[in-house]
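Q: Give the three-dimensional model of this entry:
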Amino acid sequence: MALVPFLPVWPQSATGAGEGHGHWSLRVQAVLASPPRGSARSPGEETRMRITRRGLALLAAPSLASAQAPAWPNRPVRLINPFAPGGPQDVPARFFVEALTPKLGQPLVYDSRAGAGGAVGLQHVAQATDGHSFVITSNAVATLPAIRRNLGFDPFTDLQPVTLVMQSPYTIVVRANGPASFADFLGQARAAPNRLTFGSSGVGASTHLTMALLMQKAGIALTHVPYRGAQLAMTAVLAGDIDAFIGDLSVPLEHIRAGTARCLAVTTTARAPLLPEVPAAAELVPGFASTLWYGLFAAKATPPEAVRRMLAELQALRGGELVQRLSSVGAELLLSGPAPLAERLRAEVPQWRAVVAAAGIEPE
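A: The predicted structure follows:
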């Protein structure tokens, strides 16, 4: 047997120059010659041949792995907003773009794909196969399975939880000359079922379902008036078209401070730091709570190392300006990782299905 030695060489650049890029590649320069016909290899030759083949495989493996698994990201990363521009999710998303683009070495592109209460954008990411698609969504991801028969994706199997992003209370707000307190509001609702009206951001929206849950827990009946967005519902309260507003604290905050609107209660289990004098609804309605939250999900095809990388890079935002921006409108930055987001999804999807069934809301 004739054996010609093999030598490891530096990787070649695109121009043929021999400058390396931090790793070895291997140019195999070995020829294992067959013995003459009819002759047998000696035991020593057999052993050397087995060792040589094993060595070649081991030396070639790193180069093959490197070729098969390029570093992530290797293209722009997409962050999908499943709602119209201008919502609460825009605030953290813009910070994500600014902070992560230089760290990732690729642009983080924020893109709105609104429609069907968030289902269009969520489905778009759920079906993505590029390994570079994420979505920042409200708790609509937990309510949509209850109100849409053919959602087009399964939030448990088609999306990967990355992290809870932020949370804030919903507020129950009336005009300045409306019910004086939450207790007064409940009393009026019990005395005259369906007389009091409330506006939400749409049929089946999380605000609508939150009030449906309140009615079930408090034993009251209110008349629902849906609007195409929270701002329109707030305007209707101020104009006297409806009695109450349910929505994110950031919407009525300036009116509460100006004295033209009154916040009767917040929907979280504890009082809101921004409105410490306002009771939590649970103080008068035990067992009731509902939180507006936003989460970051990845497409199912996203590699685990990409999820870990995104989460690690986001941690730098914990002590910066984003915390102050969110707290100024009553929201709390979380960035708590995949497990709390997955747990919240598991708890809320069946909860909202039960609420919808009890309220008689027909899925679309």
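Q: Look at the spatially most central residue of the chain and give its secondary structure.
A: Closest to where the C-alpha atoms of the chain average out (C-alpha atoms, centre = their mean) is residue 296, at 1.9 Å. Recorded secondary structure, residue 296: strand (DSSP: H, G, I helix; E, B strand; the rest coil).
Q: Report the secondary structure state of residue 349.
A: Going by three-state DSSP: residue 349 is helix.
Q: That one against residue 151, yeah?
A: No: the pair residue 349 / residue 151 is not scored as a contact, 11.0 Å apart, by C-beta atoms under 8 Å. Bear in mind the C-beta positions are built from the backbone N, C-alpha and C, glycine included.
Q: Give the residues shared as contacts by these two.
A: Common neighbours of residue 349 and residue 151, using C-beta atoms under 8 Å, 6 or more residues apart in numbering, are residue 145.
Q: about what we covered before: how about the residue nearest to the residue nearest to the centre of the chain when sequence neighbours are not counted, what does it touch?
A: Nearest non-adjacent residue to residue 296, counting by C-beta to C-beta, 6 or more residues apart in numbering: residue 162, 4.2 Å away. Contacts for residue 162 (C-beta under 8 Å, 6+ apart) come out as 134, 295-298, 307, 310-311, 338, 341.
Q: what stretches of this protein score poorly on pLDDT?
A: Applying pLDDT under 70 to the chain flags residues 1-70.
Q: Which residue ranges of it form helices?
A: Secondary structure of the chain by DSSP state H: the helices cover 43-68, 90-104, 119-126, 140-147, 182-191, 206-218, 230-239, 253-258, 304-314, 321-327, 338-359.
Q: and those helices as a markdown table, adding mean neighbour count and distance to residue 175?
A: As requested, these are exported to a markdown table (neighbours: other C-beta atoms under 10 Å; distance: least, C-beta to C-beta, whole Å):
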| stretch | mean neighbour count | distance to residue 175 |
| --- | --- | --- |
| helix 43-68 | 12 | 64 |
| helix 90-104 | 17 | 28 |
| helix 119-126 | 22 | 34 |
| helix 140-147 | 24 | 28 |
| helix 182-191 | 17 | 12 |
| helix 206-218 | 23 | 17 |
| helix 230-239 | 19 | 6 |
| helix 253-258 | 15 | 9 |
| helix 304-314 | 17 | 40 |
| helix 321-327 | 16 | 27 |
| helix 338-359 | 17 | 26 |
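Q: Including distance to residue 110, could these go into TSV?
A: Listed next are the helices of the chain as TSV, based on distance: least, C-beta to C-beta, whole Å:
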stretch	distance to residue 110
helix 43-68	31
helix 90-104	5
helix 119-126	12
helix 140-147	18
helix 182-191	38
helix 206-218	22
helix 230-239	21
helix 253-258	25
helix 304-314	14
helix 321-327	15
helix 338-359	20
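Q: List just the one of the ones you listed that sits closest to residue 82.
A: helix 119-126 (2.6 Å; C-beta to C-beta).
Q: Please state the offset of the closest one from the chain centre?
A: How far helix 119-126 lies from its chain's middle: 12 Å, per C-alpha atoms, centre = their mean, to the nearest Å.
Q: What is it packed up against?
A: strand 77-81, strand 133-138, helix 140-147, strand 159-175, strand 291-299 (3 or more C-beta pairs under 8 Å, 6 or more residues apart in numbering; DSSP states H and E).
Q: Tell me which of these sits nearest to residue 198.
A: strand 159-175 (7.9 Å).
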